[in-house]
Structures are given as structure tokens and as C-alpha cells.
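Enquirer: sequence first, then the predicted structure, then my questions.
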Amino acid sequence: MNDHAMRTVVVTQRFFDDETIAYLKSHRCEVRLAELPPGEADGELTEDALVQMLADADGWIVGHARVTRALLSKLPRLQVIARRGVGHERVDTAAVADLGKVGAIAVGGNDACVADHALALMLAVSHRLRESQMQMNAGSWTILTGADLYRKTVGIVGLGRIGRGVVQRLQGFEARILAVTGTPDEAWSRKMGVAHVDLDELLASSDVVSLHAPLTPATRMLIDAEALARMKPTAILVNTARGGLVDDAALLDALKAGRIAGAGLDVFLSESDPSCTSVTNELIALPNVIATPHSGASTREGLLRTNRIAAQCVVAVLEGGAPPPACVIADGRHRAGST
């Protein structure tokens, strides 16, 4: 391609800001924003609809659409797929590499807002904010007794960027922090007062269990009926990571039976498995559940950051370079004979 030719970048996410559009245009990119049906995200688009949108695209900034081998094989012009986010279980990274394309994620863009969201859920559930407002709406000002986060034991499952952000925020609550993680950073853990334990001990000892692990075959359904049974009856579960980490049906049973005190949930199994929708609906109807629609990363500031990082990754590839190493999830250009 002529170095001075315009490149087409298609964005299939909502909330894409003017400043990032201007950045792309300043790098000779024509920007096309997908027209999504009201209330729908790109994860609901069919393969045929995506092919039509992306047929002449050089770059694609994607949200939750499934990036499959079948789809990519129909898009020979497409060079780079950048997620406005960090989870990439819906991207077939092997296919991206095999077909000579680049896949990227927006590392560092939403760490702060998701960590904030996790703390918000901890506090809202502990202080029974939803239950209190429901009672007030019904005309009762009866005071419900909540629980402190101050000096409680919080178990963090996964100490990546977001998990570490949660640990930092908990310092102000003088919390005792337990953690389960793959490869502990002992120096950082000592500095932050984090004790590394196994999952059984974390579940049995924690007043709050907060999930920040990636979804992998090893972590799928990590929190199942047996895990929930190990938790204190006064404990709460917070999940701002991925729905597949938790057996939602088992969580529903535990909450209804009073085996744990409450849950703060930003993610659900039904996001990837529609057969679980009825379980999700029952969960979010419970008074001791605070639920949000996978919106932890959707602050104004967080979206601006992730938009810009995704756009920078696209520009880097289209200009013959590479995104920051931490952002690259697949790079198959060498297989296509590129430099």
C-alpha cells in the first residue's frame, strides 16, 4: 500500500470520542463508526453483517464481537484488530496469527475504573445500599445493619493490573489482604501487606472475595458450589472480571439459602451463554445483589483512555510498526512475509 494512501478504520463500539477520531484522521485514517441497532452491541452482530461493515477495512476497533477464523478469512484487506478492552477470549488469536494479521488489546486503559468499580460493589453490598433504598421506596425507613469494610479480610483472586489496583485502594481501609495469583511478586506483596495463600484458605478466611483473574480453562467455574460452601455465611463475592469464573446457578442457590451474605456482580455467564439468562434475571432480582451490566470499565475517563490506546495500536500497525508489547495478543505478519 502507498505510504500516503488513506486507510479505513472501522469502529464497532459505541462511545468513541471525537479526539480519538481526530487522532486517527491525523494519521491518514478514514474513520467509519458502525451504526448499531438501539440497545445492541457489536457482540450481537452476525458474521454477514460484520463482513459487510469490514469488507474494505484496514483496521478494526472492536468491542465484544467474536473474531473468528471464518470471519477473518473473508477479510483479506484487514491488517489489525484492536480491542477496546483487555479481555480477548472472543478473539481467535491463532487465526489472527495464521492469517498474517495483528491482534491488540488496550492494556492500561481501564485498570483504574474497574478497580474503583470493585470497591464500589464491595461497599454497596456491605452497607446494604440497594436493600435500604428498596425499603424506602416502599415507604419503610427501617434501618438495616450493614458491615464495615474497614479492617476486614479481603481475598483477591488474581493480582494483575486491576487486582493490584484494588489492593492499593484497600490500603485506606486498613484491610487484611489475602491473594491467590500465578507468580507472586514477593517484594511488592511485602510492601503492600499481601499474604499469598491457596484458594481454600482465601475462601474460608475472607469477608470479601473479589475476582480479578483471566478466564482460562483452568479458571472456568473457579467459584462453584464447593467453593461457595467454603465461604463465610457473612461474606460477599465480587466479580468484575469474567462471568465464566463463577457458576451463577450455584451462586444463586447460595444466596437464596443464606450461605453467603451478598454479591456484587458486573459480569454474568449469560453474556456468553444465553441459556443462563433466567439465572441472571433471578440473581439481579435479589435484594442482596448489586448488579451492573458489564459497565465497570465504562467511565468517561476510562473510555477515553481505551479508545486512544486501541487507536494507537491500529496506527502503529498500519504504519508498519508494532503496538507496545503488552498490548499485542497475536502478530502473524512474519508468516505473511512482512517485516
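Expert: Nice, I can see it. Numbers count the residues shown, from 1 in each chain.
Enquirer: give the helix, strand or coil label for residue 322.
Expert: Three-state assignment for residue 322 (DSSP: H, G, I helix; E, B strand; the rest coil): coil.
Enquirer: surely it meets residue 334?
Expert: No - using Cβ atoms under 8 Å, residue 322 is not in contact with residue 334; the gap is 11.3 Å. Backbone N, C-alpha and C define where each C-beta goes, glycine included.
Enquirer: quick one: which of the two has more around it?
Expert: residue 322 (15 against 10; other Cβ atoms under 10 Å).
Enquirer: contact partners for that one?
Expert: Contacts for residue 322 (Cβ atoms under 8 Å, 6 or more residues apart in numbering) come out as 102, 316, 328, 331.
Enquirer: same question, residue 263
Expert: 125, 236, 237, 238, 239, 251, 255, 283, 288, 289, 290 are the contacts of residue 263 under Cβ under 8 Å, 6+ apart.
Enquirer: got any ranges where the chain has weak pLDDT?
Expert: In the predicted model of the chain, residues 1-4, 336-339 satisfy pLDDT under 70.
Enquirer: report all helices and strands that the helix ranked longest in it contacts.
Expert: Identified as the longest helix of the chain according to DSSP state H is helix 300-318. In terms of contacts (3 or more Cβ pairs under 8 Å, 6 or more residues apart in numbering; DSSP states H and E), helix 300-318 is packed against strand 7-11, helix 18-26, strand 29-33, strand 59-62, strand 80-83, strand 102-105, helix 111-126.
Enquirer: those: which one's closest to residue 187?
Expert: Proximity to residue 187 (Cβ to Cβ) singles out helix 111-126 among the helices and strands packed on helix 300-318, at 20.1 Å.
Enquirer: off-centre distance for the closest one?
Expert: With Cα atoms, centre = their mean, to the nearest Å as the basis, helix 111-126 stands 13 Å off its chain's centre.
Enquirer: list the buried residues of it.
Expert: For helix 111-126, the neighbour count (16 or more other Cβ atoms under 10 Å) marks 111-126 as buried.
Enquirer: rewinding a little: tell me the angle of the longest helix of the chain relative to helix 111-126?
Expert: Interaxial angle of helix 300-318 relative to helix 111-126 (axes from the mean of the first three to the mean of the last three Cα atoms, to 10 degrees): 150 degrees.
Enquirer: please identify the buried residues of helix 300-318?
Expert: So, applying 16+ other Cβ under 10 Å, buried residues of helix 300-318: 302-318.
Enquirer: show me what contacts the residue lying closest to residue 149 once chain neighbours are set aside?
Expert: Nearest in space to residue 149, with sequence neighbours left out and distances taken as Cβ to Cβ, 6 or more residues apart in numbering, is residue 173 at 5.0 Å. For residue 173, the contacting residues are 149, 150, 151, 152, by Cβ under 8 Å, 6+ apart.
Enquirer: residue 62 too?
Expert: 12, 13, 42, 81, 82, 83, 84.
Enquirer: burial check on the fourth one, number of neighbours?
Expert: For residue 81, the number of neighbouring residues by other Cβ under 10 Å comes to 31.
Enquirer: using JSON lines, lay out the contacts of residue 62 together with distance to residue 219.
Expert: Formatted as JSON lines, the contacts of residue 62 follow (distance: Cβ to Cβ, whole Å):
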{"residue": "12", "distance to residue 219": "27"}
{"residue": "13", "distance to residue 219": "26"}
{"residue": "42", "distance to residue 219": "25"}
{"residue": "81", "distance to residue 219": "24"}
{"residue": "82", "distance to residue 219": "25"}
{"residue": "83", "distance to residue 219": "19"}
{"residue": "84", "distance to residue 219": "23"}
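Enquirer: who wins on neighbours among the contacts of residue 322?
Expert: For those, neighbours were counted using other Cβ under 10 Å, and residue 102 has the most, 27 neighbours in all.
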